[in-house]
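*Asks:* Structure for this input, please:
(2 chains)
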There are 2 protein chains.
Amino acid sequence: MLVNKIGEFGLIERIKKFVKTDSSVVKGIGDDCAVLGFSADKYLLFTCDMIVEGVDFTRRDAPYFIGRKAIASSISDIAACGGQPHCCLVSLGMPKKTSVETIDKIYKGIIFFSRKYNINIVGGDISRSEKIIIDVSMLGIVEKKYLALRNGAKRGDIVFVTGELGGSFLNKHHLEFIPRLKEARFLVKHFKINSMIDISDGLAQDLGHILSQSNAGAVIYEDLIPVSKQARGLDDALYMGEDFELLFTMSQDEANRLLKKNPYRFKPIGKIVVKEYGARLKDNNGNEKIMRPRGFTHF
Amino acid sequence: MLVNKIGEFGLIERIKKFVKTDSSVVKGIGDDCAVLGFSADKYLLFTCDMIVEGVDFTRRDAPYFIGRKAIASSISDIAACGGQPHCCLVSLGMPKKTSVETIDKIYKGIIFFSRKYNINIVGGDISRSEKIIIDVSMLGIVEKKYLALRNGAKRGDIVFVTGELGGSFLNKHHLEFIPRLKEARFLVKHFKINSMIDISDGLAQDLGHILSQSNAGAVIYEDLIPVSKQARGLDDALYMGEDFELLFTMSQDEANRLLKKNPYRFKPIGKIVVKEYGARLKDNNGNEKIMRPRGFTHF
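*Replies:* Residues are numbered from 1 along each chain as shown, chains lettered A, B, ... in the order given. Next up is the predicted model:
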């Protein structure tokens, strides 16, 4: 049986079954970051993101932005858990004939974000490979009271996104995006966030992770989804992925409090309901359709 | 200018110049692990190792052993710093047409060592790529008093290796090796280790790292080098790499104490001397030759 039969998430479910963790692991496989014991009031967050030439970028993309994307994807994971990034390792695979200037530019992109967010680059690995591959593994810190996971969405929660969705691959958004770290920290410091995830595989699929892990359903109002100008339509916003916006849920009371000021203009797009309802899209006329948790997948 | 002009270590030196770290980083780029503040008496160790099909293994190698090598390389880094591995992330790139059974076997290899050493597998990333690529990033813990780095070798230290060198690529040692974790923990708990490194690129090159970072020279006695039966000769032991034995140095007094019992049969192979002497090999007749820090390199 080939991996494309069971897909990326089928594979992750399969791996999860092999793996046991001890009590020092607060959250293992299956969230944006692993969550580990650290101190009386803080957790350590641990994540990695691998980007591959021909899948996540092409040789025609500017190396500076390839570097930015490599580190920004991991920062986005730390943000989705409510944390602050602290340090990272960079594993870099590249062909023999890569120019030193290309590597310099990739590093300039990595260093752009490492300086912006005070992230220490503390090591890595360099290997020969046929295509350029960058895997950034990152440690972050989160105050226990600020930790946000995928599994906390509650019936009645309002579902928000931090910005526009769709078309990320059609323009250069997937290379140039700024991870929503400032926004995530604002949220966890001032509001009770019940669940959060970053939208890397598309709204439908990433909302699907929240719902399955929270044992919940959701109704999403089509008209409320902030579709990017670059998107060709609603489907791009639902299924294309690589938006790197955050999706989060909070109680109606917290949502009311947020919407009074809402300095970052987060968009409410729907509501958490009972699991049996599934995930549905509702249009202006009240028509509903089922929103399957599909989106970008590697296989 | 292409990367193969400046090589892997030229590239690392170049990257080091771009990178600044803050005071929470005890040791950044340039050792087997990064060393980070953790608690009053412990440091956190952070490392990653990327292995690539066609470089570190081939498609003909047993997937189980590919998985073992992937995690064992990172465990070896933690061991070289005197620590105990705690948890890891596994980034896995593979072609669409990979069979699920292959991935299962790779994971069985990873899980073999994760169970043997109580290492939690807490997450990872899965991506499509043309060749199989595995990057294991690992966290370990080391008691501050036990930390071993590359930069502490002192004049008069005895240089030891934990086992036989050479020929690792000619048999399957590079896939089947057991990282020297038990040996390293024995050493740091019972002796004062001045410097330590794992031999992944060959004795000459890895000793070279100890010497350049410790501002020291060394004399190595040819006859004392434990050359593996699989090696074609001394040069394989000096330059081939992938032995995953540890090289360490300790004072003459500590060495005498170790050699009294020496339960793991560590081999003394030479002595640390002044930097000006460089690194030299001495044969039975007292003839010396310079041992250049060359060995396995990716470019």
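*Asks:* and A:Met50, what are its bridge partners?
*Replies:* A:Asp135 (DSSP bridges).
*Asks:* That one and A:Thr297: what is the separation?
*Replies:* 15 Å (C-beta to C-beta, to the nearest Å). Every residue, glycine included, has its C-beta placed from N, CA and C.
*Asks:* do the same with A:Pro85
*Replies:* Following C-beta to C-beta, the distance that separates A:Pro85 from A:Thr297 is 27 Å.
*Asks:* if you count what's nearby, which of these two comes out ahead?
*Replies:* In this comparison of A:Pro85 against A:Thr297, neighbours counted by other C-beta atoms under 10 Å in any protein chain shown, the higher total goes to A:Pro85 at 26 against 16.
*Asks:* which ones are touching that one?
*Replies:* A:Ser74, A:Ile75, A:Ile78, A:Tyr117, A:Ile119, A:Met138, A:Leu139, A:Gly140, A:Leu181 (C-beta atoms under 8 Å, 6 or more residues apart in numbering or on different chains).
*Asks:* Show me where the stretch 101-250 of chain A has its helices.
*Replies:* A:173-176, A:181-190, A:203-214, A:234-239 (DSSP state H, counting those that start in this stretch).
*Asks:* I figured A:Thr21 hits B:Asn118, correct?
*Replies:* No. Using C-beta atoms under 8 Å, A:Thr21 is not in contact with B:Asn118, being 10.1 Å away.
*Asks:* what residues are up against the residue nearest to A:Phe186 when sequence neighbours are not counted?
*Replies:* Residue nearest to A:Phe186 in three dimensions, not counting chain neighbours: A:Tyr264, with 6.7 Å by C-beta to C-beta, 6 or more residues apart in numbering or on different chains. For A:Tyr264, the contacting residues are A:Thr162, A:Glu183, A:Phe186, by C-beta under 8 Å, 6+ apart.
*Asks:* before we move on, what about A:Gly167?
*Replies:* A:His173, A:Ser228, A:Lys229, A:Gln230, A:Ala231, A:Arg232, A:Asp236, A:Ala237, A:Met240.
*Asks:* what's the burial count for the third one?
*Replies:* Yep, that's A:Lys229 we're talking about. 8.
*Asks:* Can you name the residues that contact it?
*Replies:* With C-beta under 8 Å, 6+ apart, A:Lys229 has these contacts: A:Glu164, A:Gly167.
*Asks:* Next, it: phi, psi?
*Replies:* phi -60, psi -30 (degrees, to the nearest 10).
*Asks:* what about it, distance to B:Arg68?
*Replies:* 50 Å.
*Asks:* what's the angle from the helix or strand containing A:Phe46 to strand B:42-52?
*Replies:* Assigned by DSSP states H and E, A:Phe46 belongs to strand A:42-52. If you take axes from the mean of the first three to the mean of the last three C-alpha atoms, to 10 degrees, strand A:42-52 sits at 10 degrees to strand B:42-52.
*Asks:* hey, C-alpha coordinates of strand A:42-52 in PDB?
*Replies:* What follows is strand A:42-52, C-alpha atoms only, in PDB (Å, rounded to 0.1, in the frame of the first residue of the first chain):
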ATOM      1  CA  LYS A  42       5.800  27.700  31.900                       C
ATOM      2  CA  TYR A  43       5.800  25.100  29.200                       C
ATOM      3  CA  LEU A  44       8.300  24.400  26.500                       C
ATOM      4  CA  LEU A  45       7.000  24.300  23.000                       C
ATOM      5  CA  PHE A  46       8.800  22.200  20.400                       C
ATOM      6  CA  THR A  47       8.000  22.100  16.700                       C
ATOM      7  CA  CYS A  48       9.600  21.700  13.300                       C
ATOM      8  CA  ASP A  49       8.600  22.500   9.700                       C
ATOM      9  CA  MET A  50      10.300  21.000   6.700                       C
ATOM     10  CA  ILE A  51      10.100  22.900   3.300                       C
ATOM     11  CA  VAL A  52      11.100  21.200   0.100                       C
END
